[in-house]
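[1] Pasting the sequence and the predicted coordinates here, then a few questions.
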Amino acid sequence: MEPGAVDMVVVEGERHTTVLLSGEMDRASCPHVRSRLRPLTGRPLVLDVSGVTFFDAEGMRTVFRCARVCEAEGAALALVGVRPYAAKVFRILGLDRDVPLCGSMEEALWCVLPRTDEEIREWLSG
């Protein structure tokens, strides 16, 4: 992978889309990332950034804007696999109030998918 490049794998699920990102989310790569994410924002979206080795301000802005577009379209976005330093910066900037930083895919799905009554009953019953 060339410097400043981000690899993206899109996995379409029955009720959501998962995007696996790897590389560096920076000023050089974000225009491409934004153009690839834009068509995916109409349904619940989980960004797995466990392969992202670096976020600059433009990378964080890209994630935040994508979350805003999802929200405007009636969908939700969550992040999973955020490395500790990036998570700290997301929290310092207050971006975690709009973009859930999840510890697992299961947690991310709880954040983005509306639950059925049956799923809620099952969860409550333990």
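    Sure thing, it's come through.

[2] measure the spatially most central residue of the chain to residue 90 for me?
    Nearest to the geometric centre of the chain sits residue 47, at 2.9 Å (C-alpha atoms, centre = their mean). Distance, residue 47 to residue 90, using C-beta to C-beta, to the nearest Å: 12 Å. C-betas here are computed from N, CA, C, even on glycine.

[3] same deal with residue 74?
    Distance from residue 74 to residue 90, by C-beta to C-beta: 24 Å.

[4] what about the helices in the protein?
    All helices of the chain, identified by DSSP state H, fall at 30-37, 57-72, 84-92, 105-112, 117-125.

[5] So which of those is nearest residue 18?
    helix 105-112 (7.7 Å; C-beta to C-beta).

[6] wait, the residue nearest to the centre of the chain sits on residue 77?
    Yes. Between residue 47 and residue 77 there is a contact under C-beta atoms under 8 Å: 6.7 Å.

[7] Which strands and helices lie in contact with the longest strand along the chain?
    Secondary structure of the chain per DSSP state E: the longest strand is strand 45-55. With contacts defined as 3 or more C-beta pairs under 8 Å, 6 or more residues apart in numbering; DSSP states H and E, strand 45-55 has these neighbours: strand 17-25, helix 57-72, strand 77-80, helix 84-92, helix 105-112.

[8] tell me the most buried of the ones you listed?
    Ranked by mean neighbour count, those are led by strand 77-80 with a mean of 25 (mean count of other C-beta atoms under 10 Å).
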